[in-house]
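Undergrad: Sequence isn't available, so here's the structure alone:
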């Protein structure tokens with residue numbers, strides 16, 4: 001029912017290099033452990049809809065995901081985002097490059113992007 005972002009990213013060697021593999025530091029939004037090593041990424045669904053038809057039930061759901069990458073440096077966030085981009089693009093469309101920022105409390109660099117994903121039912 002939901003896009004297979006974790007499975008797709010876990011299958012990509014470059015993502016494992018960037019975000020580790022035991023565990024892969026790609027978390028559902030709000031579920032990253034306190035004090036997790038950087039870089040890491042979180043994702044959340046920010047929109048979507050079923051592909052509705054007049055003569056049959058939907059066979060696809062479309063989702064828009066927001067992915068946020070956190071790292072100690074801007075370069076680290078960009079490198080991890082590039083690995084995620086390269087893993088995701090064969091399966092879905094990146095539709096927005098969001099902003100880059102620096103968290104004043106944690107000093108973490110953040111990069112954001114959105115993905116549109118069609119998921120068969």
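TA: The structure has been received and is ready for your questions. Worth saying up front: this structure is predicted, and the values here are computed from it rather than measured.

Undergrad: from here on, contacts and neighbour counts on C-alpha atoms
TA: Noted.

Undergrad: Check residue 1 and give its pLDDT.
TA: Residue 1 carries a pLDDT value of 75.

Undergrad: Touching, it and residue 121? I think so.
TA: Yes: with contacts defined as CA atoms under 8 Å, residue 1 counts as touching residue 121 at a distance of 6.4 Å.

Undergrad: tell me, what's touching these two both at once?
TA: Taking CA atoms under 8 Å, 6 or more residues apart in numbering as the criterion, residue 1 and residue 121 both touch residue 61.

Undergrad: Tell me how far the strand or helix carrying residue 117 lies from the chain's centre.
TA: With elements delineated by DSSP states H and E, residue 117 resides in strand 109-120, which encompasses its position. Distance of strand 109-120 from its chain centroid, counting by CA atoms, centre = their mean, to the nearest Å, is 5 Å.

Undergrad: and it, which strands flank it?
TA: Within its sheet, and counting by DSSP bridges, strand 109-120 is paired with strand 60-71 (antiparallel), strand 93-102 (antiparallel).

Undergrad: which parts of it are buried?
TA: In terms of neighbour count (16 or more other CA atoms under 10 Å), strand 109-120 has its buried residues at 109, 110, 111, 112, 113, 114, 115, 116, 117, 118, 119.

Undergrad: which strand residues sit across from residue 40 in the sheet?
TA: Residues in beta-bridge contact with residue 40 (DSSP bridges): residue 70.

Undergrad: isn't it right next to residue 69, touching?
TA: Yes: with contact defined as CA under 8 Å, residue 40 reaches residue 69; the gap is 5.9 Å.

Undergrad: so what's in contact with these two at the same time?
TA: Counting by CA under 8 Å, 6+ apart, the shared contacts of residue 40 and residue 69 are residue 80.

Undergrad: Show me what stretch 33-46 is in contact with.
TA: The contact list for stretch 33-46 (CA under 8 Å, 6+ apart) reads 18-19, 25-30, 32, 63-72, 76-77, 80.

Undergrad: next one: stretch 15-26
TA: Stretch 15-26 is contacted by residues 6, 9-10, 32, 38-43, 79-80, 83-84, 87 when judged by CA under 8 Å, 6+ apart.
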